[in-house]
Structure formats: C-alpha cells, structure tokens
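Student: Sequence first, then the predicted structure:
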Amino acid sequence: MSAFVKNQWYVAAYGTEVERGLLARTICGEPIVLYRTGTGRVAALADRCVHRRYPLSESKLAGDTIVCGYHGFTYDPDGRCVAVPGQERIPRTARVAAYPAAEQDSLVWLWIGDPDRADMSLIPRAPWLADPAYTTVRGMEPLAARASLLVDNLMDLSHETYLHGGYIGTPEVAETPIRTEVDEDARIVRVSRRMDDAACPPFYEKSTGITGRIVRWQDIEYHPPCLYLLHSRVAPAGALPRPDGTDPDGFHVEVVYAITPSTENSTYDFWAVARDFALGDEGVSQFLHESNRTVVLQDVGALNLLEQVIAAEPAGTQELSINIDTGGLAARRMLARMTAESQPEQAAVR
Amino acid sequence: MSAFVKNQWYVAAYGTEVERGLLARTICGEPIVLYRTGTGRVAALADRCVHRRYPLSESKLAGDTIVCGYHGFTYDPDGRCVAVPGQERIPRTARVAAYPAAEQDSLVWLWIGDPDRADMSLIPRAPWLADPAYTTVRGMEPLAARASLLVDNLMDLSHETYLHGGYIGTPEVAETPIRTEVDEDARIVRVSRRMDDAACPPFYEKSTGITGRIVRWQDIEYHPPCLYLLHSRVAPAGALPRPDGTDPDGFHVEVVYAITPSTENSTYDFWAVARDFALGDEGVSQFLHESNRTVVLQDVGALNLLEQVIAAEPAGTQELSINIDTGGLAARRMLARMTAESQPEQAAVR
Amino acid sequence: MSAFVKNQWYVAAYGTEVERGLLARTICGEPIVLYRTGTGRVAALADRCVHRRYPLSESKLAGDTIVCGYHGFTYDPDGRCVAVPGQERIPRTARVAAYPAAEQDSLVWLWIGDPDRADMSLIPRAPWLADPAYTTVRGMEPLAARASLLVDNLMDLSHETYLHGGYIGTPEVAETPIRTEVDEDARIVRVSRRMDDAACPPFYEKSTGITGRIVRWQDIEYHPPCLYLLHSRVAPAGALPRPDGTDPDGFHVEVVYAITPSTENSTYDFWAVARDFALGDEGVSQFLHESNRTVVLQDVGALNLLEQVIAAEPAGTQELSINIDTGGLAARRMLARMTAESQPEQAAVR
C-alpha cells in the first residue's frame, strides 16, 4: 500500500516561488516541475521527459514551453510534446502528465491523483495569509522524516514545553489537559487547550508587549492530509472576548502549516505565522520570523532524529500513548482511512 | 543474469597509468590490481589476498612481487603465492587470479571471463592513438552511472545540440537525419550523419581555423561492449574528398571512447581525441583537451542524474523512442545478445 | 540468527566517561544511555522513550531522573517512568529497560541479555588498569567494521610486521611460530609467541631504553566475546625471569582491548596499555599513547577497508588459513558456539 493519501490537494510551493524559471519539487513521490506561463498561470508537469527520462527541471524554458536539456523534446504547459529532434512527426503518445494546479491564499496547490477528480472547491482555506488585515512571516524547511512524524508533532503541543522551552514553551502547555473533537464528515480533527493563567513565553512577550501572566488559547484545526491551522489567542490574564464576539484585548496569531510528503521519508514543512497586531512592523516581523524558524528547526532536528530511530529499530516496536495523544491518534486514524480509500482496488482485497 | 558482457576485452587503463606502483581498478565488478614488471609487462591480478581478503592494491611491490600489506602473503606477476608468514610450506591453492592483459594503441586491455578463451586478435583497434601522424589529447572520467547510459548517449549525437550547445553542438546535428547499419557478423553498429551545410561549432572553429559554414560528417562505429569510434570530418562548405580518396581539404578527428563498466552502476569513461592537423601545436592541444573534457563532464553530469532517476523510478517505467534512436536501440540489442551468450548455462534454462 | 553473543558482559565505557551528563552508546545493536547518579552509581537505560521513541540521550538530567526532551516523560535510574505530561496517572507499563551495570578495573561493564542471569562474578579481570603499580595510557576508537574482524586481527599478531612496521612490528613476529591453547571450560583462547633474539621495535626501544637485541614474549589471553589481554614481556637478549618467578630484568606491558560490538558492522575498539616501568613518566606515557593510538588507527583503517571488501564480495567467498591462524580460528569457533548457545530456541530448531 502506498504511504500517501492520493486524490488530494497538496501545497507544492508558495506562489512567490513559482516564476519564469523551472522549480523542481517531488510531491508524494512524484517528481514535478513547476513554472509560471507568460499569462501568469501555474504549470505543473511530470518531471521526466518521455524520451530518455531526463528531468525537465534541468532544462530550459522557451516562451511557455520546456525544451528538454538532453535531446530537445519540447512540451507545452499542458504536457503535450510539440517538437522532437530530427523529424517532423511527433508521436501521438508523446506527452507528460500535467497536474491540476490552483493558487489560493498565497499557496500553490497541486492535485495528486486522478486529474478528473480534481475539484478546487475541496481545497481547505487559510485566508489570513493573503489578508491585508494580517501581517505574515513564513518559510519552508525540508524535513528528512516522514510526514506522519510532523503531524504527530503538531497535534501534540505539549512538546513545546520541552523542545521549545525559552521560545514558545512554558510549563502550562504540558500541564494543561486538551479537548479533542473529530468531525468525520468534514474531515477535520480539532484539539483545543485553554490556559487561563499562564506564563508569557518570549515569543509573545516581545511581539505583543504584554508583561505578566496571560490567557493563552491554542485551537488546532487539522484538515488531513496537508493543512494544519493553529488559532492562537493571547491576552493579559483575565481578558476574554466580549459577549458580542469582538475581542479588542486579544492578540491573534494564525499559525499555518502545510505538511506535504515529498518521498516516504522526507517532507516539505511549509510554515506561516499571520498576526493581527503590529501590522507592518518590520522589527516584530523579523523577530517572529527568526523565532518561529528556530522553533521549526528544533522540530526538524527532533523529527529527523526520530526518522533515524525508526529506520534502525526492529519492526513492531511499540509506542505508549496517553491523554495528550488523543489528537495525534485521531489524526492517524483519519489519515489511515483516507489512504485506504484512495486505493480502492487494494482495499477491496482485504 | 549478470549486468556485464563476459569473455570480452575491456580497457582498464592507459598504458601510461600502469607503472612501477599499484593501480586499483574494478572492471565488470571484479576488483583488479595492475602494475608493470621490471621487464615492462603489465601484470593484472585479482585485488584480494587469498588469506584474509586484504586488497593487494593497498600493499607494496617488492621487485616484481606484491607483498600483502596485512600479513605478508607474497604473489608473483602470475598470481602465484611465493611466500607466507611463519612457515616454509606454501599451500598449493594459494594463488589469485591473473587477468590476460594486452597493450595496444596506447591502451591496456584486460580479458574479463575465461582466461583460456582470451584471444588478442579480437581486440578492436584504435590505431590513431599511437600514430605519429596524429596528435592526441585524452583523459578518463569516472561515471556514477551504468555503462548503458553512456552507450545511449554516444550513439545518439542529437544531444550535442542541447547538452553541448556552445561547444560541439549546433542546430544542424539534431535536425539532420541519421543512417544506421548493423553488422551482426562483425558485431559493429554504425551510425552516420552527413551535414552538408552546417554552422561551425567553436570546438572546430578554433582548432581548424575555418570560418563560415562547413561540411560536417559524423561516422560512428561502435564495437560492443567497450570501444566506440567517431570518425569526424569537417571541411569548408562544398569541400569533399577527391575521387582518388585523398582529402586535402578535410580536417579529420578520430574520437575514441572506451566504455568500461566498473560496477553495475558506475563506469570508466575513457576519452581520446586524435587529429591530423595542427600536429604538435600545444595551444590547439590545450584548447581541445579543455573543450572535450568540458563536454565529457557535461555528459557525466547528465548521466549521473539519469542514474539517480532510474534508481528512484518504479520498475517498468517506459521510454519513447524515435528515429534518432535507431543506433542506440541497435546497440542495446547487440549488447543484450552478447550478455546472454556470455552466460550460456543460464541462457539454456529459459 | 543474531550476530551477537547475548547474555554476556560487555565494556560500554571507561568509568571516567560516565559522569553527570548523558552518554549514548549502542551495544550489540541496543541503543543505551548511560549516566552516573548523585550517589556515584552507573545507570544504563534503553535509549528510547516509551512514548514516541525519542532518544533519552538527547534529553536532560534532572537530579537522578531523565526528562525526555520531546514531551517530558521522566525516568528514574531503574527505568521507571515517574512523570508524564498533562495527567497525574502514570501508565503501569511506562518503563524502559535498565541494564545491569558494574564498574571494575576502571571499566564500565553492561550485561546484554536476560537481566536475571547477570552475574558480576563472570566479568573477566584486567586488574592492571586500576593498579597503582602500573601506569596506563588508553583510548577508544570507533570501528566501521564487524567485531569479528578485530578479533581476527588481534589473535594473529603476524600482521604487526606488515601493517605496523616501524612501530611495533619487526620481521621476527611474522617469522616466529606460535603455540595455541584452547580452554573450553574457562572459555579462554591462548596464543603464545616467544622470540628469544629479536630486533627491538621503536615502541619498546624508546619506552624501556633497551638498545640492541631483545627477548620478546607475546602471550595472548582472549576471553570471548569482549576482553583481550596481551601479556608482553621484553628484556635484553638472554635475560629471563629468575627461577623464583621474579623478573627484575623484564619490562612488562599489559595490553588490554575490549572489543564491543556496536551494530553488526561497527565496533567500539577500547585499548589500554599498562606498564610496570617508567611509572608516572609523562614523556614515556605521551610517547606510548601516541604510538599505540597510531597502531590502533592503522588497524582501524585496514579493518574498515576489509568491511567494505566483504560488503562488495559475493557470498561464500573463501579464505585460506595457515598455521598463524590457529588462534583466530579457535576464537571464531568459540564465538560461534557461544552465539548459538545464547539463542537456545533457534539452536533447538536445527
């Protein structure tokens, strides 16, 4: 069984990464070359020439076509071969797969699976990333570990206390119980941790200016397989949203991760942090970018290590789960079901 | 089935590389140590001591014998053990395989297979390399790719236009159809491309002094598995050989490759360029050495990349071939047949 | 069948290496974290948190407990989990394996196997290493080769002549026959080489001050699987121990190796050299440390090379053994028997 959930949208890049050059990304084991056409459309093609499998990403753009760098087979943005060397006739079967692509919320999404089933309305939203009422910092770190380890990591924020102490972790995160909700129909796993009286970690102290104790809410919303949202609210201790729903005392941070499997043992870790305060403040943006990147790299280090542990350990080695793991376990179950569903023939055999 | 054609001669080194020191080369998966004896003969022995498998190439020459660097087992140039530590009696079976070796056309050829079948008269010729009427530049680049990818590469020169543009490629190479001939008895594949009116690439412009359009002939002669010859003729446009066979207006370059498999996924890429003009001209030699090495390294880069693509792709991934591939496909068929023939027992089982 | 002899004591570290920090070692394929408690006891735990398999060696000590660096699971020196995040109740099964540990002769020994069978009285002795009548230099080099190659190496010192010429090898070592004794009950293999009139290698010349020919005795005592002792005696030619057993003219060097398998293809090579002369002489200590480390690194280089040779060679490649190999072959047989005995269920199946 494939390790990947097929027939799904995955983030392949930030929109700003796809320009008039060739960008190579491997998504769910499939090598893909991305570029932007003259009209601004994102083209995404299988990254192997049909002739002698040369990577098209090692080739050259000529207008909106890619000319293979080995023997010159030439492809249009839909993957059709439009020229071959030494002859006029182009073989009928000469084409590479084109991936349905969509740009939304500043992200480039690709559909991995049967192109006929691609439905843009299924792409989950992260509207803050392209909303002028928010200021966003972001990045992408390649992970030498399977995507499921990053899902585990993000669904259980108790690790902030230990792995990210001094950045975003304080003792209260690990101590405070969580509430987990699974919406099987909408395919969302929610994990919520409400801390009413917590220490303010440097990450928020320096960016909001709050001194002293805080109310800290962490509301996770995971849309498997790719999109992870953390609605984070901090406010001075005692300050809650108003009955009318407004929240003038709260500072809101929308943390967005796109967890995109590259190979079975590597992952693109896209991360973005959107805030509704200190808008346009370069100093705060720079601080949050550096702090968050440090935190992401702490995760990358830990998960790369875990990938090596898994590679070295005997098959069937057990884990032990406790209450904090309910969100991560729910995510695993939903991913397993979606993986099985995306491979109907094999699922039927069982 | 082994990936190698056995019972064949392969180039292991240039004669100048084999001196009074120990040279390690792995040919068709067999580790071999080469050296030259006091009388000038090339000795080639299996590179593993019979005692505890220490590489003899990590040892020392004592006269014409190799003294193993671990425990001192000593071998003569025929592979016979002539001394062991701590005792006078030398075990009867203490010997390492000796490879039939021949030096011809400045190349050291080794017979890989049954030594009793080694026949020097079967070694294909590349006489220009040792002919005072030619000046030769040459080198060897190790390739982290299977030998068949280099055969594909050299049999289809349309890639010169795309991979070697600015060096030896011009648009006419990819545009001009080829003529392919297979001589099953002599075991030669010939591919010929005759360009009557072509741009002169820098490689030839700077070395011949021709300005303007040229006649350019590329006559390939591949002697599987190891020797590849490209008879290249350039001349000012319109200048053809005379009816009597002389060719005073032509510039002749004999490009010789020896394609020697090291392991299943690595290859020695020996290359030599012999010319019949600007004899002894150091400036031209230096220019041709640098240009040709650059071209070889462009191939090495592309083929190493293809090897990685093959390693990552699902088994059975298809290629699509067109007219320019007839030479390469003929070479593949001949190699496949020779590989099967060199493994008679297994072939009989099918 | 496992490559390791289980239910045995192995040296995991020098006592001086185990302090109030976390030391990671993998012994016989088992990842282990070592530390010293406040009372000076050595604690050795399985190096994987039961929760999400994070290496405890990447964590922090808090008093005598390890707090996992990922989610804070906390373990006492016996491997019992004493705290988990977000809840009071600690799962009954939350514990990691604790390894029986013993400190003796300056070495930290761990029992690899069934803890109930651990018996400290079975640990072989190397008393010189902690004896004030001796001065010791020592070190540890990691080997990228299987442990059996180091056993082979040390049991056949004829290699000193070839691999360590100029350090501890002279022609007489390889030339002099050996005497081998196998004590099946005590599980000791002894190899003895007595040279009555030998050149003095620089190693001994510079440390003892002897000039001219020497008596040189090498008495090996191997206690499989881990402990190797070489009782080395050098004296001016003609000087033998007295009839009463005293030996005022002899210089005695006790060379101790602990050969501890890390993985199937890597080994910890602990080495120590204890002498009964030039006690406390820093210059002699420094010379012996550097010389012996050089010799060890020569072995490491050769054995790492052999490991690669074995990895590349076809299965079933033969070796050829002679008289000098009787000690090594006896050691192999004893190790094979002990390996089989330590896996009773599988042994019974045959």
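Tutor: On my side now, so go ahead.

Student: what about the nearest residue to residue A:213 once chain neighbours are set aside, neighbour count?
Tutor: In this structure, residue A:213 finds its nearest non-sequential neighbour in residue A:237, 4.0 Å apart by CB to CB, 6 or more residues apart in numbering or on different chains. (Each C-beta comes from the backbone N, C-alpha and C, glycine too.) Residue A:237 sits with 15 neighbouring residues when counted by other CB atoms under 10 Å in any protein chain shown.

Student: what's the answer for residue A:20, then?
Tutor: The number of residues near residue A:20, taken as other CB under 10 Å, comes to 10.

Student: likewise residue A:145?
Tutor: 24.

Student: Also the one 5 residues further on?
Tutor: By other CB under 10 Å, 22 other residues sit near residue A:150.

Student: Equivalent analysis for the one 4 residues further on, please.
Tutor: Residue neighbour count, defined by other CB under 10 Å, stands at 23 for residue A:154.

Student: from memory it sits against residue A:255, does it?
Tutor: No - using CB atoms under 8 Å, residue A:154 makes no contact with residue A:255, being 9.1 Å away.

Student: and for those two, which residues touch both?
Tutor: residue A:230 (CB atoms under 8 Å, 6 or more residues apart in numbering or on different chains).

Student: List the contacts of the residue of the stretch 251-350 of chain A found nearest chain B.
Tutor: Closest residue of the stretch 251-350 of chain A to chain B, CB to the nearest CB: residue A:263 (8.2 Å). Applying CB under 8 Å, 6+ apart, we find residue A:263 in contact with A:26, A:29.

Student: again, 6 Å this time
Tutor: Applying CB atoms under 6 Å, 6 or more residues apart in numbering or on different chains, we find residue A:263 in contact with residue A:29.

Student: ranges for the helices of the stretch 151-300 of chain A?
Tutor: Remark: helices assigned in the stretch 151-300 of chain A by DSSP state H, counting those that start in this stretch are A:159-163, A:171-175, A:202-208, A:282-312.

Student: so the residue of the stretch 251-350 of chain A closest to chain B bridges to which residues?
Tutor: As for beta bridges, residue A:263 partners with residue A:266 under DSSP bridges.

Student: now do residue A:274
Tutor: residue A:136, residue A:254.

Student: try residue A:62
Tutor: residue A:65.

Student: Count the residues that sit near it.
Tutor: 10.

Student: Now do it, the pLDDT please.
Tutor: pLDDT for residue A:62: 96.

Student: Kindly report the same for residue A:343.
Tutor: 75.

Student: Residue A:148: helix or strand, and which one exactly?
Tutor: Using DSSP states H and E, residue A:148 maps to helix A:147-155.

Student: Counting by contacts, list what that helix packs against.
Tutor: Packed against helix A:147-155 by the contact rule (3 or more CB pairs under 6 Å, 6 or more residues apart in numbering or on different chains; DSSP states H and E) you find strand A:251-263, helix A:282-312, helix A:326-341.

Student: what does chain A have sitting close to chain C?
Tutor: With CB under 6 Å from any CB of the partner chain as the criterion, chain A meets chain C at residues A:158-159, A:162-163, A:174, A:177, A:309, A:320, A:322-324.

Student: Of those residues, grab the buried ones for ChimeraX.
Tutor: Buried subset of the residues of chain A next to chain C, written as a ChimeraX selection, criterion 16 or more other CB atoms under 10 Å in any protein chain shown:
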select /A:158,159,162,163,174,309,320,322,324
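
Student: Of the residues of chain A next to chain C, which pair is most distant in space?
Tutor: Pairwise distances among the residues of chain A next to chain C were taken by CB to CB; the largest, 28.0 Å, belongs to A:177 and A:309.

Student: tell me which parts of chain A are close to chain B?
Tutor: Within reach of chain B by CB under 6 Å from any CB, chain A has these residues: A:50-51, A:53, A:69-72, A:84-87, A:94.

Student: if we can go back for a sec, what does the helix holding residue A:148 rub up against?
Tutor: A:228, A:259, A:261, A:267, A:299, A:303, A:306, A:327-328, A:331.

Student: quick check, nearest of those residues to residue C:279?
Tutor: Closest to residue C:279, out of all of the contacts of helix A:147-155 and judged by CB to CB, is residue A:306, at 49.8 Å.

Student: Now residue A:200: closest residue in space, sequence neighbours ignored.
Tutor: residue A:214 is the one closest to residue A:200 (CB to CB, 6+ apart), at 4.6 Å.

Student: Quick one: residues contacting the one you found.
Tutor: A:198, A:200, A:234, A:237.
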